[in-house]
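Trainee: Next input, structure requested:
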Amino acid sequence: MPSLTPPKPSHPPPPNWPPEIHYLTAPFYGGLPSEVVSLVKSKRAPPNHQPSANVEIKLVTDPQHPAFGQRGLYAKKKLKQGELILWYTGHVHLDPEPDPKLREEREKSDYDLTLVSRLDSLLPFPLALSTSTDATPAPPPPPFWNSLGVAVDASKCGNQARFINDYRGVPPILSSSSKSTPSSAPPPSKKGSKSTTTSKKAPPAPKSKPSAFFHSVRTTSLDVPPVLNPDKTTPSERAVKEGELRMGIFVLKEEGIAKGEEILIR
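Mentor: Okay, here's the model as predicted:
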């Protein structure tokens, strides 16, 4: 059985990295069948990467934050809409796992993301859908490939991206103008006079919004073009002969993400 022990990283982890989590500088494919690795990793994989200069790991200090006292991911510089923030690295595995024990672990993980839902969609596109009678037909994929996918889990090993928090329940960032806006409550009535104002319901509390999104892409480089539409990925884009299938985190907000702002995923 292939080793499930992650490899030693090629460089030290970034500041505030927890010692109990194994730091990765590239995706870990331990336990993934070799025929699947050849489709996911392909011929030209990106090089190992250094900790991202776009982000930093910090402790969450806001008591109203759902992750108070835990870690979050914050922008170290202004990030533009569509920009790749960093790659989401972890243990790449079959989804669902064939082993019942591992399957149960994945189902309980909050860090497990689907790279692709069907293995047969990773086949080179012309071979997967070719109907030409002139060419020698490619051997059909195993029948179970249409019910298995590939996912990446960063619960036990990963990179900075594993510390990104969900936007739900996070207090919104108030602008300086909203902080200084005078109260809209009516002035108190004079003593002895009857108030003619009617009480207004308090406006609903503002909600936080996501600033980033997950998006799986093929790449031979650690830099990729901006992605402005998170839903625009076709099977032909994933089924290429070169490049590694990876999960990226891209900027969602039209105005971008400000320096020092926590990056929140949708």
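Trainee: Show me the shaky parts of the stretch 1-150 of the chain.
Mentor: Scanning the stretch 1-150 of the chain for pLDDT under 70 picks out the ranges 1-3, 124-144.
Trainee: and with 90 instead?
Mentor: Applying pLDDT under 90 to the stretch 1-150 of the chain flags residues 1-5, 7-8, 10, 34-35, 38-39, 41-50, 98-99, 102, 116, 118-148.
Trainee: For it, just list every one of the helices.
Mentor: Ranges of helices in the stretch 1-150 of the chain, per DSSP state H, counting those that start in this stretch, are 34-40, 100-108, 125-129.
Trainee: ok, and what's touching the second one?
Mentor: Helix 100-108 is touched from outside by 93, 95-97, 112, 151, 153, 155, with contacts defined as CB atoms under 8 Å, 6 or more residues apart in numbering. (C-beta placed from N, C-alpha, C; glycine too.)
Trainee: Kindly format the C-alpha coordinates of that helix as CSV.
Mentor: The C-alpha coordinates for helix 100-108 follow below in CSV (Å, rounded to 0.1, in the frame of the first residue of the first chain):
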residue,chain,number,x,y,z
PRO,A,100,-14.6,2.8,5.1
LYS,A,101,-12.4,4.3,7.8
LEU,A,102,-10.9,6.9,5.6
ARG,A,103,-14.3,7.7,4.0
GLU,A,104,-15.7,8.5,7.5
GLU,A,105,-12.7,10.8,8.2
ARG,A,106,-13.2,12.7,4.9
GLU,A,107,-17.0,13.1,5.6
LYS,A,108,-16.2,14.7,8.9
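Trainee: Can you give me the buried ones in it?
Mentor: For helix 100-108, the buried set under the neighbour-count rule, 16 or more other CB atoms under 10 Å, comprises 102, 106.
Trainee: tell me how far it is from the chain's mean position?
Mentor: How far helix 100-108 lies from its chain's middle: 20 Å, per CA atoms, centre = their mean, to the nearest Å.
Trainee: Contact partners for S211?
Mentor: Counted by CB under 8 Å, 6+ apart, S211 has contacts 167, 251-253, 257, 261, 263-264.
Trainee: and it, how far is that from A75?
Mentor: Distance of S211 to A75, given as CB to CB, to the nearest Å: 9 Å.
Trainee: shared neighbours of the two, which are they?
Mentor: Joint contacts of S211 and A75 (CB under 8 Å, 6+ apart) are 257, 261, 263.
Trainee: from those, which would you call buried?
Mentor: Buried, going by 16+ other CB under 10 Å: 257, 263, out of the shared contacts of S211 and A75.
Trainee: got TSV for the shared contacts of S211 and A75, with pLDDT too?
Mentor: Shown next, in TSV, are the shared contacts of S211 and A75 (pLDDT from 0 to 100):
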residue	pLDDT
I257	97
E261	97
I263	98
